[in-house]
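S.K.: Everything below, folded, please.
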Amino acid sequence: MARTNVATHRTKPQTPGLITLHVLRSERISPSFVRVTLGAGDIEQFVPLGADQWFRLGIPVTDEDSLTRLPNKLDTVAYLKYLTISKATRPILRNYTVRAYRPDGPDGPELDVDFVVHGSVDDPAAGPAATWAQTCEQGDPVALIDEGTMFALPDGRRRVLLVADETGLPATAGILASLPRDAVGHALIEVPTIQDAQAVDAPDDIEVTWLPRTDPHAVPGQAALAAAMQLPVSDEPTLTWVVGEQKLPSSLRRHLVKAGTDKADVIFCGYWKAG
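M.R.: Predicted structure coming up:
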C-alpha cells in the first residue's frame, strides 16, 4: 500500500497468525471481477471483523509446503526474510479485502475474495494474483494473514463519505454492510463498466453512486475524484474514507482539508500506483 494514515484508525486482527485455506469455488461475476470462495483448512480460526477487513494472501508458486515459509505476521523484519526466499519458490503475497463471510456455508464457514481482472490470463498486463484467480481449482491451497480493519466510525457519528475505484469496491461494500442503519452520506464507487456494479447492503440514507469509466484508457479513480469534489461540504462532521489509485486519496484529502475538513476525519490509503 502507498501513503496512508490508516494506522491511527486500525482495529487489530483477532485471527491467530498464519492460517491455510482452500479454494471452494471460483466464479467470474462481472467483466472485471472474479470471486474466489475460500474455506476448509483453518477457516474455523478466522475471526470476521466486518467493515474493510483486509489480509495478506499467500499463493504458492510451487508446492503447498512453500506456504509454511511465510511468517505468522508481516512486520518489516519478517518481510525482509520473506524477500530472501528464492523467487522460484517464494509464494506470491498480495493484499486483499474480505468481500463476504458466511459462518454457515454448505460445508462450513466461507470467505469470499473479489479479484479485479483485466482481459485474459494471457494478457501481459495481468498480475499473478489475478491470473491465479482465473485459473485456480477446487482444493488449491492459500495462506492468509489477517490484518484487521482500517475504517472505524467514532461513537455518536453517523455521516460518512466513501470514495473508491474498483480496487476498493470490496472494502466499500464491507463498510456499507457494517455501518449503523441510521448512517447518512454518500458512497462513490468507480468501476470499469456499469456491468461491474454489485448489489450492496447500504443503509437507506446512504446514496450509493456507481461511476463507470467512459474512457477505457483513463487513469482509474479520476471519475470518483471529480464526483467527490462536486459534493458540498456538510456542516455535520463527516468521516471520509477514500482508497484506490494513489492520486485519488491524496488529491481528495488535499481538497477536503483545504475546504475545512479536519485531517483526522479523512481516512485515506493509496492501494496502488498507475504505471
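
S.K.: Toward the C-terminus from the longest helix along the chain, list the very next helix or strand.
M.R.: Secondary structure assigned by DSSP state H gives helix 247-258 as the longest helix of the chain. Next along the chain after helix 247-258, taking DSSP states H and E as the criterion, comes strand 266-272.

S.K.: Show me the strands in this structure, by range?
M.R.: 18-30, 33-39, 54-59, 92-97, 100-105, 108-116, 141-146, 159-164, 184-191, 205-212, 238-245, 266-272 (DSSP state E).

S.K.: Could you list the buried residues of the longest helix of the chain?
M.R.: In terms of neighbour count (16 or more other Cβ atoms under 10 Å), helix 247-258 has its buried residues at 247-253, 256. From N, CA and C alone the C-beta is placed, and that goes for glycine too.

S.K.: Quick check: nearest residue in space to residue 115, chain neighbours excluded?
M.R.: Ranked by Cβ to Cβ, 6 or more residues apart in numbering and with sequence neighbours excluded, the top spatial neighbour of residue 115 is residue 133, at 3.8 Å.

S.K.: just checking, the one you found touches residue 118?
M.R.: No: look at residue 133 against residue 118 with Cβ atoms under 8 Å: they stay out of range, at 11.8 Å.

S.K.: which one of the two has more residues nearby?
M.R.: residue 133 (25 against 14; other Cβ atoms under 10 Å).

S.K.: how far off strand 159-164 does the longest helix of the chain point, in degrees?
M.R.: Orientation check (axes from the mean of the first three to the mean of the last three Cα atoms, to 10 degrees): helix 247-258 against strand 159-164 gives 150 degrees.

S.K.: List the contacts of the residue of the chain most remote from its centre.
M.R.: In terms of distance from the mean C-alpha position of the chain, residue 235 ranks first, at 29.5 Å (Cα atoms, centre = their mean). For residue 235, the contact set (Cβ atoms under 8 Å, 6 or more residues apart in numbering) is empty.

S.K.: and the gap between it and residue 159?
M.R.: 10 Å (Cβ to Cβ, to the nearest Å).

S.K.: just checking, what packs against the longest helix of the chain?
M.R.: Counting contacts by 3 or more Cβ pairs under 8 Å, 6 or more residues apart in numbering; DSSP states H and E, helix 247-258 packs against strand 159-164, helix 222-230, strand 238-245, strand 266-272.

S.K.: Now render those as JSON lines, adding mean neighbour count and mean pLDDT.
M.R.: Output for the helices and strands packed on helix 247-258, formatted as JSON lines (neighbours: other Cβ atoms under 10 Å; pLDDT from 0 to 100):
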{"stretch": "strand 159-164", "mean neighbour count": "25", "mean pLDDT": "97"}
{"stretch": "helix 222-230", "mean neighbour count": "18", "mean pLDDT": "96"}
{"stretch": "strand 238-245", "mean neighbour count": "26", "mean pLDDT": "96"}
{"stretch": "strand 266-272", "mean neighbour count": "22", "mean pLDDT": "93"}
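
S.K.: which residue is nearest the middle of this protein?
M.R.: Central residue of the chain (Cα atoms, centre = their mean): residue 97, at 3.7 Å.

S.K.: if I look at that one, how far off is residue 254?
M.R.: Distance from residue 97 to residue 254, by Cβ to Cβ: 25 Å.

S.K.: Just give me the closest of the buried residues of helix 247-258 to residue 220.
M.R.: residue 248 (7.8 Å; Cβ to Cβ).

S.K.: confidence score at the closest one?
M.R.: Looking at residue 248, its pLDDT reads 96.

S.K.: same thing with the one 5 residues further on?
M.R.: The predicted local confidence for residue 253 comes out at a pLDDT of 95.

S.K.: Residue 5 too?
M.R.: As predicted, residue 5 sits at a pLDDT of 65.

S.K.: got it, and residue 66?
M.R.: According to the prediction, residue 66 has pLDDT 81.

S.K.: burial of it, as a residue count?
M.R.: 20.

S.K.: Just confirm it contacts residue 59, I think it does.
M.R.: No: using Cβ under 8 Å, residue 66 is not in contact with residue 59; the gap is 9.7 Å.

S.K.: which neighbours do these two share?
M.R.: In contact with both residue 66 and residue 59: residue 91, using Cβ under 8 Å, 6+ apart.
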